[in-house]
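# Structure here, sequence nowhere to be found:
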C-alpha cells in the first residue's frame, strides 16, 4: 500500500508555500535574476536562485511538510504551480512532482497535473523536466493507458504536449518502444517548428546511444521529410548527416 504521513496539520500546504516564497526571496540574487529572465525569455520574473539552492529549499520543505496522501501531494504541486509569481516557484513544483519519496503517488491520477504543467508552462525548461522524468516513469508503469494518451497528445494542437510525447522515452535506453517512438514522431515528422524538430532530433540522438543502426536507418528512410535540424541532432554522435 502507498505510504501515508498521518501527521499533517491543517493549512500545511499554505504554510509550505508561504515559507518557500520567503526562502527563495532570501536566496535570490537580483543580478542573476535579470540574466536568467533574459536567457529564458520569460515574462515571469526570477528570484535569481541557482539550481542547488532551489533544490535544497525544496528538500527542506519536503522534510518539514510531508504530504499525507496522493491527493494532498497533487494539490500541493498545483498550489505552488498556479500561484507562482517567480519562475523558481514552478521549478520547486516540478521538484515535488519528481520527489523520490512520493514515487508511489505517481499514477494516472497525476497525469492531469502533468498535462497542465506542460500545456500551461509552454516553454522548454518546464516541459522537458516533466516529460523526461515523471511522464516517462508513468509511461513505464502504465504503458497501455499512457501509449493511448501520448498518441493523442502527439496528434493534438498543443505544441508542448506534442513535444512532451516525443520526449517521454528519452531515458528508456534498451526499453524504448521503437514502434511507439515512430508513432509519436510521425505527426511532427515534416514539421519545421523548432521545438518539435529539436525534440525529434534529441529523442533519436539519445536512442542512438542504444541502437545507432536503427536510428541511422530511420533517418535514411525519412530523410526527405525530416527537418535538417532533426537530422543533424539525430546523427550528431553517429555520423551520416
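Arrived safely. In this text the structure is predicted, and so the values were computed from the model without any measurement.
# C-alpha from now on. contacts and neighbour counts both.
Will do.
# Per-residue pLDDT of residue 66, please?
Note on residue 66: pLDDT of 87.
# And for residue 7?
42.
# I'd say residue 233 and residue 205 touch.
Yes - using C-alpha atoms under 8 Å, residue 233 is in contact with residue 205, at 6.1 Å.
# what about those two, which has more around it?
residue 205 (25 against 20; other C-alpha atoms under 10 Å).
# What distance do you get for the more buried one to residue 89?
From residue 205 over to residue 89 the distance is 31 Å, taken as C-alpha to C-alpha, to the nearest Å.
# Need the residue closest to the centroid of the protein.
Residue closest to the mean C-alpha point of the chain, counted by C-alpha atoms, centre = their mean, is residue 130 at 1.5 Å.
# got the contact list for that residue?
Applying C-alpha atoms under 8 Å, 6 or more residues apart in numbering to residue 130 gives the contacts 94, 114, 117-118, 164.
# Which ones among those residues lie within helices?
94, 114, 117-118, 164 (DSSP state H).
# I'd like those residues laid out as TSV, including neighbour count, distance to residue 50 and pLDDT.
Shown next, in TSV, are those (neighbours: other C-alpha atoms under 10 Å; distance: C-alpha to C-alpha, whole Å; pLDDT from 0 to 100):
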residue	neighbour count	distance to residue 50	pLDDT
94	23	15	96
114	22	24	98
117	23	21	98
118	26	22	98
164	30	25	98
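# Mind putting those residues into TSV with distance to residue 174?
As requested, these are exported to TSV (distance: C-alpha to C-alpha, whole Å):
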residue	distance to residue 174
94	26
114	25
117	28
118	26
164	20
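# Spatially, which two of those residues are the most separated?
Across these, the longest distance by C-alpha to C-alpha is 14.5 Å; it joins 94 and 164.
# Could you check stretch 189-205 and say which residues are buried?
189-192, 195-205 (16 or more other C-alpha atoms under 10 Å).
# ugh, typo on my part, it should be stretch 221-238
So for stretch 221-238, counting by 16+ other C-alpha under 10 Å, buried means 223, 226-236.
# can you give me the helices in the protein?
Going by DSSP H, the chain shows helices at 12-27, 30-40, 51-64, 70-82, 87-98, 111-121, 124-130, 136-141, 143-154, 159-167, 178-185, 194-208, 212-222, 228-234.
# Let me know which of those is the nearest to residue 104.
helix 70-82 (8.3 Å).
# Now do the closest one: which elements does it pack against?
Applying 3 or more C-alpha pairs under 8 Å, 6 or more residues apart in numbering; DSSP states H and E, we find helix 70-82 packed against helix 12-27, helix 87-98, helix 111-121.
# Residue 75 - how many residues pack around it?
Neighbours of residue 75 using other C-alpha under 10 Å come to 14.
# any idea how far residue 100 is from it?
With C-alpha to C-alpha as the criterion, residue 75 and residue 100 are 17 Å apart.
# Could you find the closest non-adjacent residue to residue 185?
residue 166 (6.1 Å; C-alpha to C-alpha, 6 or more residues apart in numbering).
# about what we covered before: which of the buried residues of stretch 189-205 sits closest to residue 24?
residue 195 (29.8 Å).
# and the closest one, what is it in contact with?
Contacts of residue 195 (C-alpha under 8 Å, 6+ apart): 124, 163.
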